[in-house]
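Asks: give me coordinates for this.
(2 chains)
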2 protein chains.
Amino acid sequence: MSGVTFSPVAAYSPAQPPLPTPSPFSFSVASTRWSSRPPIQTASLFLRGLSLVLSFGSALSLVALPSTNTKLKRYPELLYCFTANIFTVLYAAYQIFKNICDIAHRGIFVSDKTSDFISFIFDQLAGYLLVSASSVAVPVIQQMDNGNSLWSASVASVCLSFASFLVNAVNALLSGYKLCKRIMW
Amino acid sequence: MSGVTFSPVAAYSPAQPPLPTPSPFSFSVASTRWSSRPPIQTASLFLRGLSLVLSFGSALSLVALPSTNTKLKRYPELLYCFTANIFTVLYAAYQIFKNICDIAHRGIFVSDKTSDFISFIFDQLAGYLLVSASSVAVPVIQQMDNGNSLWSASVASVCLSFASFLVNAVNALLSGYKLCKRIMW
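Replies: Numbering: from 1, shown residues only, chains lettered A, B, ... in the order given. Just a heads-up that it's a prediction; the model follows:
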């Protein structure tokens, strides 16, 4: 739907060559100055960083205790939570790397459209994975003894995992919006 | 996508006032003939119906057994799964009612934009709720005795709940696309 070509203004001024796309590529090939980047990209980078920190904290709090490794095997739910958060950490790291490459004008190793599709699909996946992992870990915590060091670690992990889910849900909205903008023109 | 109104011919005839938006309202106020409805709306109605049936089946399989009511109290995870599915049933019923009202040209009690926002938010909520509820119920099933009637009912309920989640995830994508289309013009 090339809105510009068929809007009344563009139709009445034949001297100005109509651009094929009104806005979506401002995301990908803009200038290097930070202030000229669209705010959605800055916000996205910030949210990716936040997601990385939260998920890393969640995974770390599960494996930081010396006795945890044996207990992770006893509670497969906690192992699931750990795995989901490690997946999120890796994915957020990839996204931050890609965003920084974008900003620094280095070669982008996938096309913008493919990258938007990948972001959209994996954001959805990460969101559903994290909410599932956080939910599964809650009944396990209820069965543990209160005040145990593993109990504290699990509570911290689930809270961080849930916070990371919220951040990823917002990320999924943003990447959905970006994808929509790209495929609609 | 009402291509007729915004074809170049229409843009060059100044007698006709240009409409502010090129396409999104083709979803809401089109003709009553079924074949002229956009396929996305038919697909959406079908998916809502599927979601209703699946969630209703999931909730029903938990309460159909005579001994289940007491056992639902023993397993709060199953009660959570039941509640999430009831919420989805009510929401899907509202959406089907609204879609049928739309098609039958009766008065729509909320504006199109508000309705799209509501659909988008509640589709996301329903998706996350269902995946969370399905995940929480899985460890409970593992703890039960195999072959028990409650065990069979729970397995059926979780499978239907997960299927309903998948349908709701597709619905969330569709309503996100619709919302994007509406707010972008």
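Asks: hey, which helix is longest across chain A?
Replies: helix A:149-184 (DSSP state H).
Asks: got any ranges where chain A has weak pLDDT?
Replies: Along chain A, the model assigns pLDDT under 70 to residues A:1-38, A:67-69, A:106-109, A:185.
Asks: tell me where it has helices.
Replies: Per DSSP H, chain A carries helices over the ranges A:3-6, A:8-12, A:39-63, A:68-74, A:76-103, A:112-143, A:149-184.
Asks: dump the ones you listed into TSV; add mean neighbour count and distance to chain B as well.
Replies: All C-beta spots, glycine's among them, are computed from the backbone N, C-alpha and C. Listed next are the helices of chain A as TSV, based on neighbours: other C-beta atoms under 10 Å in any protein chain shown; distance: least, C-beta to the nearest C-beta, whole Å:
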stretch	mean neighbour count	distance to chain B
helix A:3-6	16	5
helix A:8-12	14	4
helix A:39-63	19	13
helix A:68-74	13	13
helix A:76-103	19	6
helix A:112-143	20	4
helix A:149-184	20	4
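Asks: which one of the ones you listed lies closest to residue B:148?
Replies: Proximity to residue B:148, assessed across the helices of chain A by C-beta to C-beta, is greatest for helix A:112-143 (19.2 Å).
Asks: tell me the angle that closest one makes with helix A:76-103.
Replies: Angle, helix A:112-143 to helix A:76-103, by axes from the mean of the first three to the mean of the last three C-alpha atoms, to 10 degrees: 150 degrees.
Asks: same for the longest helix of chain A, what does it pack against?
Replies: Where contact means 3 or more C-beta pairs under 8 Å, 6 or more residues apart in numbering or on different chains; DSSP states H and E, helix A:149-184 is packed against helix A:39-63, helix A:68-74, helix A:76-103, helix A:112-143, helix B:149-183.
Asks: can you say which of those is nearest to residue B:60?
Replies: Among those, helix B:149-183 sits nearest to residue B:60 (C-beta to C-beta), with 8.5 Å.
Asks: isn't residue A:176 up against residue B:175?
Replies: No. Taking contacts as C-beta atoms under 8 Å, residue A:176 lies outside contact range of residue B:175: 10.6 Å.
Asks: where do the contact lists of these two overlap?
Replies: Counting by C-beta atoms under 8 Å, 6 or more residues apart in numbering or on different chains, residue A:176 and residue B:175 have no shared contacts at all.
Asks: what's the spacing between the nearest residue to residue A:72 once chain neighbours are set aside and residue B:163?
Replies: In this structure, residue A:72 finds its nearest non-sequential neighbour in residue A:79, 5.0 Å apart by C-beta to C-beta, 6 or more residues apart in numbering or on different chains. Separation of residue A:79 from residue B:163 (C-beta to C-beta, to the nearest Å) stands at 26 Å.
Asks: next one: residue A:111
Replies: 34 Å.
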